[in-house]
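Enquirer: next input, structure requested:
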Amino acid sequence: MKTILKLPFLILTLPFRAGGDNTPAGERRPRRLRRLMVITGSIGLIAGLLVLGYGAYQMMTGDSEHKPGSGITTLNFGDVTGGVYDRPVVTSAPTPSPAPPLAAAPPPPPPLRDAPYRIRMPKVGIDAQVVTYGLDAKSVPEVPTNGAEVAWYNFAARPGTGSNAVFAGHVTWNGHAVFWNLDKMAPGDDIYLEGTDGTKVSYKVSDVFLVDANDPNALSVMDPTASDTMTVITCGGDFFYVGGIAQYDYTHRLIVRAALTGIQPGSGGVAAGG
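Expert: Residues are numbered from 1 along each chain as shown. As a prediction, the model looks like this:
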């Protein structure tokens, strides 16, 4: 490095070292011109060498102003959780397949199915056949055509299936009918539905009350319920003459409400309780 720094000085003094001052007077002016040209070229050469020397010095010593981290942000993706290097390479985006529709679970079969069954109220001695009825042409609930049967309405829930199972029967039919003593039922009394296959659906009375037969809201006792319920309907209140085929009617309807307490399966059935 010292040699590189001395080189410009040697070049600059070279014209003064070559020869003496023995040149004739007539030749001094051209020689001075040549000497000036040599000096000028030497200065340019010295400047170039200085630039080269400074560059070489910087290469050997380094420059902290341009080191990574000095004013430049360096990203290390390997330190980023969930970053580029933490994910598998996917050459093409797969097309998601549509999720299969969820199949609705089939409702459980009704405990009594379509087999014939009877309604029993031991406290008042009721033991009668249940027959399926519906609505007439005017959307009015049909009534049993005799005094011995009890109607189950097919627009209501089947017994033991989670909602309101509605039954109806006469209190009189040329004398006493099936529900003549229904008004003697009280909360806590038992009602049973018993199928010919041995199935037994048990209820316990929760309410006994009257509704006005002319009140449109009275029909709400037939509406669905959130729990497994039995609703039994017959005539009640005062007996009065109306004429025509019916001859007589009652001012009110007697309602007996009961809640499911258990299901005893028959042959091939499944036990349940409530």
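
Enquirer: surely Leu112 meets Trp152?
Expert: No: applying C-beta atoms under 8 Å as the test, Leu112 and Trp152 come out as separate, 9.4 Å apart. C-beta coordinates here come from the backbone N, C-alpha and C atoms, glycine included.

Enquirer: these two: which has the busier surroundings?
Expert: Remark: of Leu112 and Trp152, Leu112 carries more neighbours, 26 against 23, as counted by other C-beta atoms under 10 Å.

Enquirer: any low-confidence regions in the stretch 51-200 of the chain?
Expert: 51-97, 99-108 (pLDDT under 70).

Enquirer: if we use 80, what do you get?
Expert: 51-109, 113-115 (pLDDT under 80).

Enquirer: which parts of it are helices?
Expert: Taking DSSP state H, counting those that start in this stretch as the test, none of the stretch 51-200 of the chain falls into helices.

Enquirer: re the thing from before, give the residues shared as contacts by Leu112 and Trp152.
Expert: Listed as contacting both Leu112 and Trp152 by C-beta atoms under 8 Å, 6 or more residues apart in numbering are Pro159.

Enquirer: identify each buried residue in stretch 224-239, please.
Expert: Thr225, Asp228, Thr229, Met230, Thr231, Val232, Ile233, Thr234, Cys235, Gly236 (16 or more other C-beta atoms under 10 Å).

Enquirer: ok, the residues you listed vs Gly262, which is closest?
Expert: Closest to Gly262 out of the buried residues of stretch 224-239 is Asp228 (10.4 Å), distances taken as C-beta to C-beta.

Enquirer: specify the local secondary structure of the closest residue to that closest one other than its chain neighbours.
Expert: The spatial neighbour of Asp228 that comes closest, neighbours along the chain excluded (C-beta to C-beta, 6 or more residues apart in numbering), is Leu260 at 3.6 Å. What DSSP: H, G, I helix; E, B strand; the rest coil gives for Leu260 is strand.

Enquirer: kindly report the same for Gly266.
Expert: Under three-state DSSP, Gly266 falls in the coil class.

Enquirer: what's the burial count for Lys138?
Expert: Lys138 has 5 neighbouring residues, counting by other C-beta under 10 Å.

Enquirer: likewise for the one 4 residues further on?
Expert: Glu142 is surrounded by 13 other residues when neighbours are defined as other C-beta under 10 Å.

Enquirer: tell me what the closest residue to it other than its chain neighbours is bridged to.
Expert: Spatially, and ignoring its direct neighbours in sequence, Glu142 is nearest to Tyr133 (4.4 Å; C-beta to C-beta, 6+ apart). Under DSSP bridges, the beta-bridge partners of Tyr133 are Tyr153.

Enquirer: give me the neighbour count for Tyr133.
Expert: By other C-beta under 10 Å, the residues close to Tyr133 number 21.

Enquirer: need the contact list for Gln129.
Expert: Contacts here follow C-beta under 8 Å, 6+ apart; on that basis Gln129 touches Pro116, Arg118, Ala148, Glu149, Val150.

Enquirer: closest one to Ala168 out of those, please.
Expert: Among these, Val150 lies closest to Ala168 (C-beta to C-beta), at 7.2 Å.

Enquirer: returning to that earlier point: most neighbours, which of the contacts of Gln129?
Expert: Val150 (21 neighbours).

Enquirer: so how far is Tyr192 from it?
Expert: 13 Å (C-beta to C-beta, to the nearest Å).

Enquirer: which neighbours do those two share?
Expert: Listed as contacting both Val150 and Tyr192 by C-beta under 8 Å, 6+ apart are Ile119.

Enquirer: ok, the residue nearest to Asp228 touching Ser163?
Expert: No: at 10.3 Å, Leu260 does not count as touching Ser163 under the criterion of C-beta under 8 Å.

Enquirer: gap between the residue nearest to Glu142 and Arg158?
Expert: The gap separating Tyr133 from Arg158 is 14 Å, by C-beta to C-beta.

Enquirer: thanks a lot, see you next time.
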